[in-house]
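Enquirer: Dropping a prediction and its sequence here:
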Amino acid sequence: MDLDDILGSRPDDPLSALLRQDLDRLSVAELEARITALEGEIARSRKKIDHVVNHRASADALFKR
């Protein structure tokens, strides 16, 4: 999967901007805060994936696909 497939072609996409951000100008504390925020977003995304997968499995079981 290509990064463009994930991010799309919108130049104003926040994730695209985040990936292009220059990390050289950030302090260690800022980098650690960034990592903490990103790890929180990863956890939130994984939780959403789990919810969607479980919801789909429940629907499939209900309709006996």
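Expert: That came through fine.

Enquirer: What values do phi and psi take at residue 32?
Expert: phi -70, psi -40 (degrees, to the nearest 10).

Enquirer: Off-centre distance for stretch 47-65?
Expert: 20 Å (C-alpha atoms, centre = their mean, to the nearest Å).

Enquirer: List the buried residues for that stretch?
Expert: By neighbour count on 16 or more other C-beta atoms under 10 Å, the buried set for stretch 47-65 is empty. In this view, the C-beta of every residue, glycine as well, is placed from N, C-alpha and C.

Enquirer: Following the helix or strand of the chain with the lowest mean pLDDT in sequence, what is the next regular element?
Expert: None of the helices or strands of the chain scores lower by mean pLDDT, DSSP states H and E than helix 3-7, at a mean of 61. Beyond helix 3-7 on the C-terminal side, the first helix or strand identified by DSSP states H and E is helix 14-20.

Enquirer: So which elements touch that following helix?
Expert: The contact analysis (3 or more C-beta pairs under 8 Å, 6 or more residues apart in numbering; DSSP states H and E) places helix 14-20 against helix 3-7.

Enquirer: Residue 44: helix or strand, and which one exactly?
Expert: Going by DSSP H and E, residue 44 is in helix 28-63.
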